[in-house]
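S.K.: Just the structure for this:
(chains A and B)
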Amino acid sequence: MIGAILQVVLVVAGAPLLVGLMRQVRARMEGRAGAGVLQPWRDLRKLLRKEAINPHGTGWVFRLAPLLLAATALVVTAVVPLVTTASPLDGVADLFAVTALLALGSVALALGGLDTGTAFGGMGASREVTVLALVEPTILLSVFALSVRVGSTNLGAIVTSTVNDPLAVISPVSALAAVTLAVVIIAETGRIPVDNPSTHLELTMIHEAMVLEYAGPDLALIEWASAIRLTVLLGLLGSLFAPWGIAAAGAGPVALLVAVLALAVKVGVLGALLAAGEVFMAKLRLFRIPELLAGSFLMALLAVAASFFLA
Amino acid sequence: MSESTYVQLLDLACGAFLLAGVLVLWRRDLTAIVRLFAAQGAALAAIVIVLGVWQGSAELVVVGVALGGLRAGLLPYLILRALPERGGPGDGEGRETQPLVNVATSLVAAAVLALIAYAVSQPLIRLAPSPAAQAVPVALTVLLVGFFVLVTRRRALSQVVGFLLIDNAITATAFLTTNGVPLVVELGVSLDVLLAVLVLRVLTTRMRAAFGGTDLDELRELRD
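M.R.: A predicted model of the protein is given here:
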C-alpha cells in the first residue's frame, strides 16, 4: 500500500521533471542552453494561476475532457507496476484494463477537440483517432505476447515472473515485443517521428491541434496528464524488460527506496535516449505513419504467434 | 551445449530469419531490401549451424557455413551489382515506388499469412514434435511472404528477392523438419539458385538496356 502511494506521488511529481529533462537534453544536443529541468513545473504554475476560459459554443464534453484525461492517467499510475508489483487495485491491474483506460483518456480528448467545432480541432481529433486505432491493439498484443509465458494478463504477475527468471528476456518474443512497445509508446505520447511535441505548424500537428482551444488550468491539466502518461509508459517499458530493483509485495522501506531510485534512473535514461533520438530524426510524413504503425502491429502479432509456436 | 541453450539459440535464429523476411515488405529502397535478404541468409546459416552443432554433425556445420557464404555473401553481392548506380541515369529504378498493394496493407497481409502458416503447419508438427519442428511455421511464413513479394512488387529485382525468399524458406523447412539434408542435394539446390540469379541478373540488365526500366507491368502489353 505504501509502495503504491509512493509510486503515485513519485510519478505525479516527477512527470513534468521528465519532460523538462527531455527538453534539456534536446536543447544541449542542439547547442542551446535550455530552460532547465524545472521549466515544465513553472509553466504549470503559471497556467494554473490563470482564469479558466471556455470558447463560445462548447459544451460539457469540452470541459470534461481534461478531467477525464487526468483521472485515467492517475488510475493507470496506481495500477501499473513501477515501484512495486503489489497494486492496491490488483483486480484491475490487468493489461486490458490499462489499455482501455489509456484509450478512454485519448478518446475523451479527441471528443473535446471535436466539440470546439474549429477546423483544427476536428483535424487533430481525426488524426489522433487514426493513430489510436492502430496503437491500442498493438499495445495489447505486445504485452499479451509476454503474458503467454506467464499464463496471466496481470501486469504485476508478468513483472514478477521476469524478476524471478531474468534470462527469459533474451528470446525472440521479448525482443519483438520490446521493439513494438517502444514504437507504440512513441506514437501514443506523440513524439518524433510520429508527432512533433513542440510544433505549432497547423499542417503537421496531431496532439497540439486537439488542445489548441484549451487555456489556463484546463491546459495545465492536459499537459500534466500527458507528462504522466509518458512517464508511466516509459516506466512500464522499463518494468517489463528490465525489472531490476522493483519491490515485491510487502517489501521494507529500504527495498522501496531502492525501487524508487531504480525507477527514476530507468525512466530518466529511457527519456534521455528518446530525446537524443529525436535530435537525429525528422518527423515522418503523415501518410507514412500508418505504415510504421502497421509494421509494429505486425511485429506484435508475430511476437504473439512466436510465443505460441516457438515455446 | 545444453538443451535449453540449444532451444534458445535456435529460436533466436528463427526469429531473426522471420523478421528479416517480413521487413522486406516494409522497405522501399531496393538496396535495403537486398541487405535484409543478406541478413536472412546469415540467419539461415545460423539455424543450420546450430542444428549441426546440436546433432554433432560436422557435415551439417560445413553445409551451414557454405550456405552462409552463398546466401549472405555471393547472392546479395550479385543482386547489388545489378542495381543502377545512385545518382546515375536510372536512379529512380532503385526504389519500389508503387507496389501493387501498398505497404501498410501488405504488412497486415503478412500478419494474416503468418496465422495461415501457423494453422497449416500444425499437422506437420504433430508428426514429430521437437524444438526444430516447432519452428516450421516460421519457415512457412517466410515462404508465403516470398510469394506475396513475388506477386505484388513491380521491379524485377524485388521479384528476384521474392523468389530467393521462397528458396530460403524451402531450405529452412528442409533443415528444420529432417535431420539434415545430404550434402549433394543441398549443393545441387544451391547451384541451381546461383544459376537462376545469374540468369535473372543478366535478364534485368538486358531489360534495362532495351526498355530503359525494369517495371514488369509495362512489359505486359504488346506493342508494334
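
S.K.: tell me what the longest helix anywhere in chain B is packed against?
M.R.: For chain B, the longest helix by residue count, based on DSSP state H, is helix B:183-211. With contacts taken as 3 or more CB pairs under 8 Å, 6 or more residues apart in numbering or on different chains; DSSP states H and E, helix B:183-211 sits against helix B:58-68, helix B:75-82, helix B:156-177. Bear in mind the C-beta positions are built from the backbone N, C-alpha and C, glycine included.

S.K.: ok, residues contacting the least confident helix or strand in chain A by mean pLDDT?
M.R.: When the helices and strands of chain A are scored by mean pLDDT, DSSP states H and E, helix A:207-210 comes last with a mean of 84. With CB atoms under 8 Å, 6 or more residues apart in numbering or on different chains as the test, helix A:207-210 has contacts from A:109-110, A:112-113, A:120-121, A:123-125, A:127-128, A:190, A:195, A:197, A:199-200, A:202, A:226.

S.K.: hmm, try it at 6 Å
M.R.: Helix A:207-210 is contacted from outside by A:109, A:113, A:120, A:123-125, A:128, A:190, A:195, using CB atoms under 6 Å, 6 or more residues apart in numbering or on different chains.

S.K.: Which single residue in chain B comes nearest to chain A?
M.R.: Closest approach between chain B and chain A, counting by CB to the nearest CB: residue B:15, at 2.5 Å.

S.K.: would you turn the contacts of helix A:207-210 into CSV with neighbour count?
M.R.: Formatted as CSV, the contacts of helix A:207-210 follow (neighbours: other CB atoms under 10 Å in any protein chain shown):
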residue, neighbour count
A:109, 24
A:113, 30
A:120, 17
A:123, 17
A:124, 26
A:125, 23
A:128, 22
A:190, 21
A:195, 26
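
S.K.: May I see the residues you listed organised as TSV, with secondary structure added?
M.R.: Converted to TSV, the contacts of helix A:207-210 look like this (DSSP: H, G, I helix; E, B strand; the rest coil):
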residue	secondary structure
A:109	helix
A:113	helix
A:120	helix
A:123	helix
A:124	helix
A:125	helix
A:128	helix
A:190	coil
A:195	coil
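
S.K.: can you put the residues you listed in a markdown table and add distance to chain B and pLDDT?
M.R.: Shown next, in a markdown table, are the contacts of helix A:207-210 (distance: CB to the nearest CB, whole Å; pLDDT from 0 to 100):
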| residue | distance to chain B | pLDDT |
| --- | --- | --- |
| A:109 | 25 | 92 |
| A:113 | 24 | 89 |
| A:120 | 25 | 86 |
| A:123 | 20 | 88 |
| A:124 | 21 | 88 |
| A:125 | 21 | 91 |
| A:128 | 18 | 90 |
| A:190 | 20 | 82 |
| A:195 | 18 | 82 |
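
S.K.: Which one of these is nearest to residue A:35?
M.R.: If you rank these by distance to residue A:35 using CB to CB, residue A:190 comes first, at 20.1 Å.

S.K.: quick one: the nearest residue to the closest one once chain neighbours are set aside and chain B, what's the gap?
M.R.: What sits nearest to residue A:190 in space, not counting adjacent residues and going by CB to CB, 6 or more residues apart in numbering or on different chains, is residue A:207, at 4.0 Å. From residue A:207 over to chain B the distance is 21 Å, taken as CB to the nearest CB, to the nearest Å.

S.K.: The closest residue to chain B within the stretch 51-200 of chain A - nearest residue in space that isn't next to it in sequence?
M.R.: Proximity of the stretch 51-200 of chain A to chain B (CB to the nearest CB) peaks at residue A:172, 2.5 Å away. Closest residue to residue A:172 apart from its sequence neighbours, by CB to CB, 6+ apart: residue B:15 at 2.5 Å.

S.K.: Secondary structure element for that neighbour, which one?
M.R.: For residue B:15, the element it lies in under DSSP states H and E is helix B:3-26.

S.K.: so the residue nearest to residue A:172 touches residue A:173, yeah?
M.R.: No. Counting by CB atoms under 6 Å, residue A:173 is not a contact partner of residue B:15; they are 7.8 Å apart.

S.K.: hey, what's in contact with both of the two?
M.R.: With CB under 6 Å, 6+ apart, residue B:15 and residue A:173 have no common neighbours.

S.K.: where in the stretch 201-311 of chain A is pLDDT low?
M.R.: By pLDDT under 70, the weakly predicted segments of the stretch 201-311 of chain A are A:310-311.

S.K.: Show me which residues of it are close to chain B?
M.R.: A:290-291, A:294-295, A:298, A:301-302, A:305, A:309-310 (CB under 6 Å from any CB of the partner chain).

S.K.: Throw the residues you listed into CSV and include secondary structure and neighbour count, thanks.
M.R.: Converted to CSV, those look like this (DSSP: H, G, I helix; E, B strand; the rest coil; neighbours: other CB atoms under 10 Å in any protein chain shown):
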residue, secondary structure, neighbour count
A:290, helix, 20
A:291, helix, 19
A:294, helix, 24
A:295, helix, 24
A:298, helix, 27
A:301, helix, 25
A:302, helix, 26
A:305, helix, 23
A:309, helix, 21
A:310, coil, 22
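
S.K.: can you list the residues of chain B near chain A?
M.R.: Listed as neighbours of chain A in chain B under the rule CB under 6 Å from any CB: B:11-12, B:15, B:26, B:103-104, B:107-108, B:110-111, B:114, B:118, B:134, B:137.

S.K.: how about low-confidence regions in chain B?
M.R.: B:85-94, B:97, B:218-224.

S.K.: re earlier: mind listing what's buried along the next helix-or-strand element following the helix holding residue B:15?
M.R.: Per DSSP H and E, helix B:3-26 leads on to helix B:30-55 as the next helix or strand towards the C-terminus. Neighbour counts over helix B:30-55 (16 or more other CB atoms under 10 Å in any protein chain shown) mark B:30-31, B:33-54 as buried.

S.K.: what does stretch A:190-209 give?
M.R.: For stretch A:190-209, a neighbour-count test (16+ other CB under 10 Å) marks A:190-197, A:199, A:204-209 as buried.

S.K.: Identify all contacting residues around stretch A:183-197.
M.R.: A:131, A:135, A:138-139, A:206-207, A:230, A:233, A:278, A:281, A:283-284, A:289, A:296.

S.K.: Next, name the residue at the spatial heart of chain B.
M.R.: With distances taken as CA atoms, centre = their mean, residue B:165 lies nearest the centre of chain B, 2.1 Å away.

S.K.: before we move on, back to that, the residue of chain B closest to chain A: how many residues sit nearby?
M.R.: Using other CB atoms under 10 Å in any protein chain shown, residue B:15 has 23 neighbouring residues.

S.K.: And it, how far from residue B:21?
M.R.: The gap separating residue B:15 from residue B:21 is 11 Å, by CB to CB, to the nearest Å.
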